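Student: requesting a structural model of the entry that follows:
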Amino acid sequence: MSDEAAFLNAILANPTDNSPRLVYADWLNDRGDPLADAKATYLRDTAFLMTARARQAKRLWRRLHEAAKGLPSDWLAVVSRVTIENCARDFQIRCPKQWEELTLLCPVSLTPEAPWG
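Tutor: From the prediction side, this is the model:
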């Protein structure tokens, strides 16, 4: 298993714990490429958002949504804590609006062959 897969598995194992996100962000910064730096910033903003005051939170939500446009969607599906939009009325089940509260419908295996599950 790659280092990155190990970080992503740690995040999946406990999505409400910001510690794996912050350690992963440091590791990404050490890689020194623009995509890794963008991911690291996204992870730190996400962690900070969970403790931010309302005024700061609104600005951070906008920044996270904008940053997400330039990041791989399969990566975001693992690390994002941004609320799920348009998840209210057209479902037969209650939508929790939080990624970490969704139930997996199939097993996820993070390997180099299938890096995002």
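
Student: low-confidence ranges, this structure, go.
Tutor: The model of the chain has pLDDT under 70 over residues 1, 52, 54-55, 82-117.

Student: can we see that at 80?
Tutor: 1, 50-58, 81-117 (pLDDT under 80).

Student: which helices and strands does whatever helix or strand residue 45 lives in pack with?
Tutor: Using DSSP states H and E, residue 45 maps to helix 34-49. Other helices and strands packing on helix 34-49, by 3 or more C-beta pairs under 8 Å, 6 or more residues apart in numbering; DSSP states H and E, are helix 19-31, helix 54-68, helix 73-79. C-betas here are computed from N, CA, C, even on glycine.

Student: now do the helix or strand hosting residue 8 against helix 19-31, angle only.
Tutor: Following DSSP H and E, one finds residue 8 within helix 3-13. Inter-element angle recorded for helix 3-13 and helix 19-31: 160 degrees (by axes from the mean of the first three to the mean of the last three C-alpha atoms, to 10 degrees).

Student: re earlier: any chance of the helices and strands packed on helix 34-49 in JSON lines, with mean neighbour count and distance to residue 43 too?
Tutor: Formatted as JSON lines, these follow (neighbours: other C-beta atoms under 10 Å; distance: least, C-beta to C-beta, whole Å):
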{"stretch": "helix 19-31", "mean neighbour count": "16", "distance to residue 43": "4"}
{"stretch": "helix 54-68", "mean neighbour count": "13", "distance to residue 43": "10"}
{"stretch": "helix 73-79", "mean neighbour count": "16", "distance to residue 43": "6"}
